[in-house]
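# need a structure here:
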Amino acid sequence: MSQLTVKVVNKVQEAEEIVSLELASVDGKPLPSFSAGAHIDVHIRDGLIRQYSLLNDSAEQHRYVIGVLRDPESRGGSIAVHDDINQGDTIQISSPKNHFELVQAKRTLLFAGGIGVTPILCMARRLSHIGADFEMHYNSRSPERMAFREAISNAAFADKVHFHFDNGEDSQKLDLAPLLANPQADTHLYVCGPTGYIDFVVNTAKQAGWPSDHVHLEYFGAAEVDTSGDTSFEVKIASTGQVFAIPADKPITQVLDEAGVFIPVSCEEGVCGTCLTRVLEGTPDHRDLYLTDAEHEANDQFTPCCSRSKSPLLVLDI
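Numbering: from 1, shown residues only. So this is what the prediction gives:
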């Protein structure tokens, strides 16, 4: 994936604990095109790469805009964006990638929780641009924490957006079941936000009979996993025959990296798919939020940054 050098031309406090960065090429040339739902890898500093969704109009090539929540549980990424990256700085990013693409549908339902609004907002802009039928629901803990509210309220599609606040009156809170009742074959649903919010939307859709291929989601953080029962196992590198012991308290990628076997990693939480690796033998213990249920069941690939093994040995196609 090619790397781009861009300049931070604007940094804006969009809401409590949320900033946006507007990025442009340093030479004034158009940036690579992108589609709604795309994200970029941002190289925050050496060894620290994080993924952020593009929220601006996908027809634009003079800029990319991202939104970043200051996460108190951050491993350094979001805090560094807030504290260390400023207007005028030059940073490295990847070309846009999209694992959360819009599909053509007669009607689209969009659900955003918190900072999960970033790819959803880009989708709303695209759907509005092409005159598509859609409805958007945006949930936030409070008005003070709702980023881009003014921009959405002033947008051409403002009448299609419903705001919901956790601390507001019951009458304005998201009543999901009626919205997802009676699923139609030509309607698709997209949801992004915290894990609990996504699970709520996805499970409600499932109970209402939505086909799984009509429900699209993107997680922004890793799922909580109980690691108390983790045990050691072995990993074999198919190309060399080397076998490495993976202790209970270390990820596969760390053990291999220390031994000089490189697997590219980025999020290190099983969200981005950067480290996706083919499995030739053995049964992975999938702990990612990147692969689909069907891909998990196939057991022919996994994310070694966070996933482990159910079998004593995994043979990897490296």
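# looking at this structure, name the residue that lies furthest from the middle.
Here the centre of the chain is the reference, and by C-alpha atoms, centre = their mean the most remote residue is G241, at 34.8 Å.
# do you know how far that one is from P194?
When C-beta to C-beta, to the nearest Å is the yardstick, G241 and P194 sit 43 Å from each other. C-beta: built from backbone N, CA, C; applies to glycine.
# hmm, back to that, which residues touch the residue farthest from the centre of the chain?
For G241, no residue counts as a contact, taking C-beta atoms under 8 Å, 6 or more residues apart in numbering as the criterion.
# what of the one 5 residues further on?
Residues counted as contacts of I246 (C-beta under 8 Å, 6+ apart) are S232, F233, E234, V235, I252, V255, R308, S309.
# got the phi and psi for the second one?
If I follow you right, that is F233. Its backbone dihedrals place F233 at phi -160, psi -180, with angles given as degrees, to the nearest 10.
# the stretch 51-200 of the chain: strands as residue ranges?
Listed in chain order, the strands found in the stretch 51-200 of the chain under DSSP state E, counting those that start in this stretch are 64-69, 90-94, 107-113, 133-140, 161-165, 187-193.
# now the angle from the third one to strand 161-165?
Going back to what we said before, that points to strand 107-113. 30 degrees (axes from the mean of the first three to the mean of the last three C-alpha atoms, to 10 degrees).
# what are the ranges of the helices in the stretch 51-200 of the chain?
Assigned by DSSP state H, counting those that start in this stretch, the helices in the stretch 51-200 of the chain fall at 77-84, 117-129, 149-153, 176-180, 195-207.
# give me whichever of those is most buried.
Most buried of the helices of the stretch 51-200 of the chain by mean neighbour count (mean count of other C-beta atoms under 10 Å) is helix 117-129; its value is a mean of 24.
# quick one: K173 and N167 touch, right?
No. Taking C-beta atoms under 8 Å as the contact criterion, K173 and N167 are not neighbours in contact, 9.9 Å apart.
# now do the SS call for the residue farthest from the centre of the chain.
In three-state terms, and counting by DSSP: H, G, I helix; E, B strand; the rest coil, G241 is coil.
# tell me how far the ends of stretch 177-184 are from each other?
For stretch 177-184, the first and last residues are 15 Å from each other (C-alpha to C-alpha, to the nearest Å).
# please state the offset of it from the chain centre?
25 Å (C-alpha atoms, centre = their mean, to the nearest Å).
# next up, the contacts around V103.
When the contact criterion is C-beta under 8 Å, 6+ apart, the partners of V103 are H188, H216.
# ok, T5 next?
S25, V26, T90, I91, Q92.
# emit the ChimeraX select command for whichever of those residues are buried.
Burial among the contacts of T5 is assessed by 16 or more other C-beta atoms under 10 Å; the matching ChimeraX selection reads:
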select :25,91
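# reformat the strands of the stretch 51-200 of the chain as TSV; add mean pLDDT and distance to P178.
Formatted as TSV, the strands of the stretch 51-200 of the chain follow (pLDDT from 0 to 100; distance: least, C-beta to C-beta, whole Å):
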stretch	mean pLDDT	distance to P178
strand 64-69	96	30
strand 90-94	94	40
strand 107-113	97	12
strand 133-140	97	12
strand 161-165	97	13
strand 187-193	96	14
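# tell me the bridge partners for the residue nearest to Q184 when sequence neighbours are not counted.
Closest residue to Q184 apart from its sequence neighbours, by C-beta to C-beta, 6 or more residues apart in numbering: R107 at 7.0 Å. Bridge pairing for R107 (DSSP bridges) gives the partners D133, T187.
# measure how buried R107 is and give me the count.
By the criterion of other C-beta atoms under 10 Å, R107 has 14 neighbours.
# can you check S232 too?
By other C-beta under 10 Å, the residues close to S232 number 13.
# report the residue spans of this structure with pLDDT below the cut-off.
Judged against pLDDT under 70, the low-scoring parts of the chain cover residues 1, 73-76, 221-224.
# same thing but 80
Confidence mapping of the chain against pLDDT under 80 gives the ranges 1-2, 46-47, 72-76, 220-227, 266-268, 271-272, 289, 292.
# before we move on, the earlier item: and the contacts of I246, which is closest to Q13?
When those are compared for distance to Q13 (C-beta to C-beta), I252 wins out at 39.2 Å.
# is the closest one in contact with E234, as I believe?
No. Taking C-beta under 8 Å as the contact criterion, I252 and E234 are not neighbours in contact, 10.4 Å apart.
# the more surrounded of these two?
Remark: of I252 and E234, I252 carries more neighbours, 26 against 15, as counted by other C-beta under 10 Å.
# so what's that one up against?
Remark: with contacts taken as C-beta under 8 Å, 6+ apart, I252 is in contact with V235, I246, I263, P304, C305, S307, R308.
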